[in-house]
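# What follows is a protein structure lacking sequence information:
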Ligand code: BG6
């Protein structure tokens, strides 16, 4: 962390500042960056939403968020220093007058000139109005803008949103965030592949049988029905996080690790994706979802989705990628599994054993394991399943690590776009998703605390989901 650059002075405007994400991640994340000395030396953070709050009420809200969800001890002096940076201005998409005046006052206080970072933590339906209003109020000038996912809800809305963004901002000002790309283990997929001679030679259809990207969650939708009813598991998680992870797993070696080279390669993978086949998709809904607050009667919103994805290029032709995620499942995990083919020469009995696997646990900070077969000690030449595991804390000091949102907010503050997504990539993902969005299979009910509808097991048969472990 010693070498992390300190960003230029800037005013940060947090849209959706009283929402769920702000409470759980953004406010605690900004506090942690402040404590780590990674916020600009002079900086102001302005919370905004349609609610009417005083500065003091917003500070109280932020303090409760930091106490409940923060990752570090809240020392009173550190809090007082942070609270001094916070203020609040209500904003309605039609009228950004109060907000614009508050931003100008903050800029005058720190003497930064118009240097802004707008964080749009708002649902897709509110995005265009806010971006247009930012443009009208002159708040796009000298600004970077972080846009939360999902970026649109289908191809047409993503294109509309990109068009609106580009009317107010130049693409170089836009940071489309997908927080999975800020996770250490996701970036470690690249390190493992491209920094080691061991794995890359086997990273192709000759050696890999299939890939799984599996993110089961135990959480329900909680109080997020307003967001979730118009999104569902596929839009919330698959077309965003799971496809982004797939991009890292499947990309060709980039010419360098600079932002353009890396994002170009990711987008090339997305271009090679075959359009989704709705007959290879299982949609589910947990029992009890219809009784959640704010859910429409008879809602067909998916809280679970499992699907097969195919990549039509020389490296991956014929290798299925299985993606699965859902709410109220048996475990909360984030796991990517590379399952290798069995050796051509069958020297040992053991057809019943699982294939060799490389398992990325994308928890924070997570780890990587290799599952293989070894000789069972004893007189007989028998083989049994064995495991080699890497955990971050065994090899590195992890106390200074940044959590995904912290890392990405800091990247946007210093203008590093490497881990952000790009308009063309996102539009391509919606294009690939179109057959499914147009003809979604009906949702199948599943009991909470299970692994979703049984049809998800049939989808991968004769293979099996790596989770649950063992
Ligand atoms: C968010 C989704 O983007 O990611 C949530 O909107 C989901 O529904 C969350 O629970 C999962 O993120 P993480 O980092 O907790 O795995």
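Great, that's in hand. Everything numeric in this text was worked out from a predicted model, so none of it was measured. Numbering: from 1, shown residues only.
# Going by C-alpha atoms from here, please, whenever you check contacts or count neighbours.
OK.
# Spit out the contact partners of the most centrally placed residue in the chain.
The centroid of the chain falls nearest to residue 180 when counting by CA atoms, centre = their mean (3.1 Å). Residue 180 makes contact with 186, 241, 244-245, 404 under the criterion CA atoms under 8 Å, 6 or more residues apart in numbering.
# let's go with 10 Å and repeat that
Going by CA atoms under 10 Å, 6 or more residues apart in numbering, residue 180 touches 186-187, 237, 240-242, 244-245, 334, 362, 404-405, 408, 419.
# got it, and residue 312?
269-274, 318-319.
# Output the below-cut-off pLDDT ranges for the stretch 351-470 of the chain.
Filtered on pLDDT under 70, the stretch 351-470 of the chain yields the residue ranges 351-353, 470.
# Do a quick rundown of the strands in it.
Ranges of strands in the stretch 351-470 of the chain, per DSSP state E, counting those that start in this stretch, are 357-361, 367-375, 383-391, 444-446.
# winner for burial among the ones you listed?
strand 357-361 (a mean of 21; mean count of other CA atoms under 10 Å).
# Give me the buried positions along stretch 120-140.
Residues 120-124, 127-128, 130-135, 137, 139-140 are the ones in stretch 120-140 that count as buried (16 or more other CA atoms under 10 Å).
# before we move on, what about stretch 16-32?
Of the residues in stretch 16-32, those buried (16+ other CA under 10 Å) are 16-18, 22-32.
# With pLDDT and distance to residue 250 added, can I get those in CSV?
Below are those laid out as CSV (pLDDT from 0 to 100; distance: CA to CA, whole Å):
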residue, pLDDT, distance to residue 250
16, 96, 34
17, 97, 36
18, 96, 37
22, 97, 32
23, 97, 34
24, 96, 31
25, 97, 29
26, 98, 30
27, 98, 34
28, 98, 33
29, 97, 30
30, 98, 33
31, 97, 35
32, 96, 33
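# Please render those residues as JSON lines that adds secondary structure and distance to residue 384 to the earlier fields.
Converted to JSON lines, the buried residues of stretch 16-32 look like this (DSSP: H, G, I helix; E, B strand; the rest coil; distance: CA to CA, whole Å):
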{"residue": "16", "secondary structure": "coil", "distance to residue 384": "53"}
{"residue": "17", "secondary structure": "coil", "distance to residue 384": "53"}
{"residue": "18", "secondary structure": "coil", "distance to residue 384": "53"}
{"residue": "22", "secondary structure": "helix", "distance to residue 384": "48"}
{"residue": "23", "secondary structure": "helix", "distance to residue 384": "47"}
{"residue": "24", "secondary structure": "helix", "distance to residue 384": "43"}
{"residue": "25", "secondary structure": "helix", "distance to residue 384": "43"}
{"residue": "26", "secondary structure": "helix", "distance to residue 384": "46"}
{"residue": "27", "secondary structure": "helix", "distance to residue 384": "48"}
{"residue": "28", "secondary structure": "helix", "distance to residue 384": "46"}
{"residue": "29", "secondary structure": "helix", "distance to residue 384": "44"}
{"residue": "30", "secondary structure": "helix", "distance to residue 384": "48"}
{"residue": "31", "secondary structure": "helix", "distance to residue 384": "48"}
{"residue": "32", "secondary structure": "helix", "distance to residue 384": "45"}
